[in-house]
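*Asks:* can't give you the sequence, but here's the structure:
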């Protein structure tokens, strides 16, 4: 059977809001996170981090720190360089410039926060005391602080990157100029998307332990990709892969930030092998904001050509990523602009497109992945331009989208960048949002409020989302990567079910949702299934990112369960004296199709397989477990939309998001409660990232927002009521018709937030293109407004 | 983000606390710890000894008498928020303390700690300035009293000398009607700008006005010129706007990553205007 095989799953638990199996553990504080793990003899690591954005290390003296009581070892870049050159990251595309980020900087530091030395001590306190005794002299080098300076290239951010350009690309290059010159209307803008952090509440952390007698290394990491981490530790540190086990404990939020391999992880692993004692590194918040990858930072120019009927004719898009000093691993600096270009036309029928991208090097923390990778910035640009066009054409934002979305008669539709849309509820999404918002009465309310000096606005955004990221999807995004993810399904001797999967959970409720899938695949109750994950000792895979858990989980569990199911049918047919084809699995057992009285419980069947050879057919292989991978045959596209209502106080620039509306079509939902949790969390991040959060660097490349006093995350007070409706258009690419949806709100909701503010301020001739929309930004826009 | 090493003392009386503080210039009093402990974790301060005031029960009460509300320095923001006395006698304090951070911080943070820290963007310094409170400071020689207007010396600077402890704040009960306005990036954040307005009206005309601005300078500012301007006038929207203009015209504010000096100056005017308008509408207490 091929890896994209779609097995049949009979829907019973799927679709139900089964209460989270994880809740009790999480809510009582009994979940074990990386910082909760304490091993006998464990030591603690702390890093010296560069205070300069670009400098030569001219002198480093660790002797005073080494002599301190409680300090076991101090290493600099030179010490670690003996073991590894660091993290080399590239992508197999012509002209792409790879980089190697040292595990600890040696010779030159290239961003504020890059590691310069590490202290291992009996406590983190002592390690931090010792950091202050390390004497380092730097000679400052010219800093490339922003995109403009990168283009000027009077200095190089990283001498490995010629002209400060990692990569440039033209993803699609239709002849669009005629369409633009003949268009009835052209709307365009230059959008400055802020640098943000995924800022999970649990920061990064890892523990390494090496047992010299067995040669085995155990590596605990709060990671979204234990499988990749294991392989990379093996490759970069020249450790035989079979001797490494990566364990992922409970993860307190990943959001893409923990879908990387980090230099600190290499260093901690080497230190444990050097010292022979377990070593823990738990990142603090300042380190996290300085160095745990930044996200989204880009400059996008976009233009949309529109005819007099409001139909979109062509789109032009140019995106520049402010990439930082190194490529992150595995995504590289292309993670934003390169992934954004292929999906720039979104759900709209835009026949002509030009999409160009460039990634430049700056002396900042590397750009990495964060929920909604590639989508967020482009959506803000396009959806806000569409709103602006609607205002100019004096049609409603819903109507202009209705006139341009793909309709069911268009399917399958191949768009300008080659994306094939097989199904989707784009028109239904627009209509549903219009009803939820109650558009006509909103406009009346807006007018009435204006008369009282209040500025209300409505923002709208619709989207499609490439989910269940497999080989086909990654290749579409120009990432020539083959995916491989396995799950194992075993029916236990008493008839219960144990699932082991390579997908780790950072709060996505896999223990519940994947149990629902396995339960339906085998016809057993959800409570009879346990889902185990978090160790590379069992299954192999790329991890949980890019909205792939549901799709890859359902596919691989479905395929593995199918093998077990056939085995069960075989023995049950033999025992009930019918053909295996006549056996059905249901109600926690088996029965003869059409003759429900002829049945056995799952416990009886499993017992017979494990313990009663006499019941076996001839030549029966009693293995009651199977491991399978899944890689969907094509891109699995979910879709939906968001609307936000905001009130702007134009005298203070304070924006209150009054209400949020979300429509989600992720095919057959496994668990609506979990889906809605994803939507609500994503909307909170959307509000944060375009209204509050900003990693601000000064002209020297110095990060000025290094605590949560200055890097403003949204709190419950900033997030309004959220109304959610579901559409369900199953896909035939995945068992059960399931699609992914984890990133949806961070794909599209930011555009709705920005759109709401722009709608509120449209009467003041304001169209905000720089984010976040702080009170100061609104104040400045009002000062500079034409009128 | 771990504390540097320090000694720790937990005195049972104010006298003991003052003796400890007087014996060591580098010792620092620990009240609610909501500012001091993060500063220690960031290693921006390295005190030799923390003198923990949390056993000093005598500093934890609110008492009313002789036209004065006396608030112990160790009274928490949560206590102030819950206080029925404050709602009756110090409505400005009740209104402003809602803007102090979040419930967890209000539960530990104290009024004395906030005043001794003297962050110009914090609410309590503005409140004591607006209400013309008296700060009670104890040292080994005894007690001295400092008017709020003389207490703040600039950013993080107060009249408290080495070896001294702020023990109480005495608020004269005001016969003005009060309103408080604040703009912050998120609810509970330090103010970008804030203002308190107090009005005493007689037959609709202003008999006395008090306007105090916060987070626009290195300490709370009284807008005395605007206060004088209002006397004898009916506080209409137009008059409030004019007073706001007077209150902010010479303001030399500061800018930071959250708001520019120009924003602060302009929005301070909005805060004054709104506070005056609301104070004029408030029903007399």
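*Replies:* The structure has been received and is ready for your questions. Since the model is a prediction, treat every value here as computed from it, not as a measurement.
*Asks:* Which residues does the helix or strand harbouring residue B:244 contact?
*Replies:* In this assignment (DSSP states H and E), residue B:244 forms part of helix B:237-248. With C-beta atoms under 8 Å, 6 or more residues apart in numbering or on different chains as the contact definition, helix B:237-248 has outside contacts at B:209, B:211, B:213, B:216, B:223, B:225-226, B:229-230, B:233, B:235, B:265-266, B:268-273, B:276-277, B:280. Where you see a C-beta, it was placed from the backbone N, CA and C, and this is true even at glycine.
*Asks:* How far away from the center of its chain is that helix?
*Replies:* Offset of helix B:237-248 from its chain centre (C-alpha atoms, centre = their mean, to the nearest Å): 24 Å.
*Asks:* what does stretch A:296-313 give?
*Replies:* That offset, for stretch A:296-313, works out to 26 Å (C-alpha atoms, centre = their mean).
*Asks:* re earlier: which of the contacts of helix B:237-248 count as buried?
*Replies:* B:209, B:211, B:213, B:216, B:223, B:226, B:229-230, B:233, B:235, B:265-266, B:268-273, B:276-277, B:280 (16 or more other C-beta atoms under 10 Å in any protein chain shown).
*Asks:* just these that are near chain A?
*Replies:* B:266, B:270 (C-beta under 8 Å from any C-beta of the partner chain).
*Asks:* tell me the contacts of the residue in the stretch 251-400 of chain A that chain B sits nearest to?
*Replies:* As assessed by C-beta to the nearest C-beta, chain B sits closest to residue A:284 within the stretch 251-400 of chain A, at 3.9 Å. Contacts for residue A:284 were tallied using C-beta under 8 Å, 6+ apart; they are A:203, B:1.
*Asks:* got the buried residues for the helix holding residue B:244?
*Replies:* B:239-244, B:246-248.
*Asks:* next one: stretch A:13-20
*Replies:* Here stretch A:13-20 shows A:13-15, A:18, A:20 as buried, counting by 16+ other C-beta under 10 Å.
*Asks:* Just give the nearest non-adjacent residue to the closest residue to chain A within the stretch 51-200 of chain B, would you?
*Replies:* Nearest residue of the stretch 51-200 of chain B to chain A: residue B:187, at 4.1 Å (C-beta to the nearest C-beta). Of all residues not flanking residue B:187 in the chain, residue A:717 sits nearest, at 4.1 Å (C-beta to C-beta, 6 or more residues apart in numbering or on different chains).
*Asks:* okay, now that neighbour: neighbour count?
*Replies:* Look at residue A:717: counted by other C-beta atoms under 10 Å in any protein chain shown, it has 10 neighbours.
*Asks:* picking up where we left off before, just the ones in helices from the contacts of helix B:237-248, please.
*Replies:* B:225-226, B:229-230, B:265-266, B:268-273, B:276-277, B:280 (DSSP state H).
*Asks:* Between all of these, which two are at the greatest distance?
*Replies:* B:265 and B:280 (23.4 Å; C-beta to C-beta).
*Asks:* Give the burial count for residue A:545, as a bare number.
*Replies:* Residue A:545: 26 neighbours (other C-beta under 10 Å).
*Asks:* hang on, it in a helix?
*Replies:* No - counting by DSSP: H, G, I helix; E, B strand; the rest coil, residue A:545 falls outside a helix, being coil.
*Asks:* pLDDT at the residue nearest to it when sequence neighbours are not counted, what is it?
*Replies:* Closest residue in space to residue A:545, ignoring its immediate chain neighbours: residue A:259 at 4.1 Å, by C-beta to C-beta, 6+ apart. Residue A:259 is assigned 98 on the pLDDT scale.
*Asks:* Can you classify residue A:259 by secondary structure?
*Replies:* Going by three-state DSSP: residue A:259 is coil.
*Asks:* Do you know the pLDDT at the residue of chain A most remote from its centre?
*Replies:* Note on chain A: the largest C-alpha distance from the chain mean falls to residue A:614, namely 51.3 Å (C-alpha atoms, centre = their mean). Listed pLDDT for residue A:614 reads 96.
*Asks:* How about the one 4 residues further on?
*Replies:* Turning to residue A:618, the model gives it a pLDDT of 94.
*Asks:* Can you report how many residues lie near it?
*Replies:* Applying other C-beta under 10 Å, we find 5 residues neighbouring residue A:618.
*Asks:* what about it, which SS state?
*Replies:* At residue A:618 the chain is in coil, as set by three-state DSSP.
*Asks:* Okay, it and residue A:570: tell me how far apart.
*Replies:* As judged by C-beta to C-beta, to the nearest Å, residue A:618 and residue A:570 stand 11 Å apart.
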